[in-house]
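Undergrad: Need a 3D model of the following:
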Amino acid sequence: MVITKAVIPAAGLGTRFLPATKAMPKEMLPVVDKPAIQYVVEEAVGAGLDDVLLITGRNKNALENHFDRATEIETTLQAKGDLEKLRRVMYSTDLADMHYVRQGDPKGLGHAVLRAKKHVGAQPFAVLLGDDIIDGRDVLLTRMIEVAQERGTSVVALLEVDPSQIHLYGAAAVDKTDDDDVVRVRGLVEKPAAEDAPSNLAIIGRYVLQPEVFDVLEHTEPGKGGEIQLTDALQEMAAEADGPGVYGVVFRGRRYDTGDRLDYLKSIVQLAVDREDLGPQLRPWLREFASGLADEPSSGQTIDEPGVGSSQD
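TA: Numbering: from 1, shown residues only. Next up, the predicted model:
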């Protein structure tokens, strides 16, 4: 079972980041000096998935442009002799075999994955959500592919979260296996209340799916929010008595959530302090800045319009 294809849903409106995302896709917001989407594509390629399909929507042309040639910029940098910047610009162009399809109606993650059916065909594939950046020094997707190949099953990524935060995620009911980092998924619940959650193991944005998921998604009824939930389809697959089931890899590495404004800012700082070109100067500045912070709430004023800060993608 060779897995070579990755699907990255990228059709969300990015309303949490308005007005920055009014004319720019949220996936193009910079994390240090690369757009968030590039980290995700790099992760897929690093795991051997060089055939990448982006599920896009209206006003997402910048995503295609980023992974396309930029001949004017390349010519200018070549003429200046700025070969390092030229290398960085051309890197994203040659990163993967990129494909694009529009989602059309915003009917949820399950619907977005279903739009990949023609491209994927009858082979297993990975799904990577653009809001989650997995640190390149930590192994997750490669391990998930390994488990999927060994067991012939679909695999989800799981992360232990504080029980008070489980309502923000899909939660998994699991049984242990002989592998410390692998569990069998017995049930999934999309964004449960803390008291109703089967565990504090949250599904994060990495999946390795068998092609049978398309058949399930085609008859999955809209769930929470009136959307077709991938979690509901996986729940059905996990409950099949005669099927291969669904397994989970429990991730204990570094994950950066770029889908929330505060966590997005934290992600930039966390990644920047570990950079050889930025960390040595940034770390002492951060210490000095933090030492001068008062414990009292900031007197600064927000510029959000009412409701903008809490709106969903």
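Undergrad: from here on, contacts and neighbour counts on C-alpha atoms
TA: Will do.
Undergrad: Strands along the stretch 151-300 of the chain, start to end?
TA: Secondary structure of the stretch 151-300 of the chain (DSSP state E, counting those that start in this stretch): strands at 154-160, 170-176, 182-190, 201-209, 246-250, 255-257.
Undergrad: got the end-to-end distance for stretch 242-251?
TA: End-to-end span of stretch 242-251 (CA to CA, to the nearest Å): 28 Å.
Undergrad: ditto for stretch 162-182
TA: 20 Å.
Undergrad: can you list contacts of that stretch?
TA: The contact list for stretch 162-182 (CA atoms under 8 Å, 6 or more residues apart in numbering) reads 183-194, 197-204, 231, 247-251.
Undergrad: For the residue sitting furthest away from the middle of the chain, what is the enclosing helix or strand?
TA: In the chain, the residue that sits farthest from the middle, by CA atoms, centre = their mean, is residue 79; the gap is 37.0 Å. Using DSSP states H and E, residue 79 maps to helix 71-80.
Undergrad: Could you check that helix and say which residues are buried?
TA: 74, 77 (16 or more other CA atoms under 10 Å).
Undergrad: How far away from the center of its chain is stretch 177-191?
TA: 20 Å (CA atoms, centre = their mean, to the nearest Å).
Undergrad: From one end of that stretch to the other, what's the distance?
TA: End-to-end distance (CA to CA), stretch 177-191: 25 Å.
Undergrad: Adjust the sequence numbering to begin at 36 for everything that follows.
TA: In the new numbering, first residue 36, that becomes stretch 212-226.
Undergrad: Could you export the strands of the stretch 186-335 of the chain as CSV, including mean neighbour count and mean pLDDT?
TA: Listed next are those as CSV, based on neighbours: other CA atoms under 10 Å; pLDDT from 0 to 100:
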stretch, mean neighbour count, mean pLDDT
strand 189-195, 24, 95
strand 205-211, 20, 91
strand 217-225, 22, 90
strand 236-244, 25, 94
strand 281-285, 26, 96
strand 290-292, 18, 91
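Undergrad: For the residue nearest the centre of the chain, which residues are in contact?
TA: Closest to where the C-alpha atoms of the chain average out (CA atoms, centre = their mean) is residue 164, at 2.5 Å. By CA under 8 Å, 6+ apart, the contact list for residue 164 reads 43-45, 75, 240-241.
Undergrad: Now do the helix holding residue 114: everything it contacts.
TA: So helix 106-115 is in contact with 118, 120-121, 124-125, going by CA under 8 Å, 6+ apart.
Undergrad: Outline the domain layout of the chain.
TA: Annotated domains of the chain cover 36-173, 186-287 [automatic domain parsing].
Undergrad: what would the contacts of helix 106-115 look like in TSV with distance to residue 169 and neighbour count?
TA: Shown next, in TSV, are the contacts of helix 106-115 (distance: CA to CA, whole Å; neighbours: other CA atoms under 10 Å):
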residue	distance to residue 169	neighbour count
118	29	13
120	25	14
121	26	17
124	22	19
125	23	18
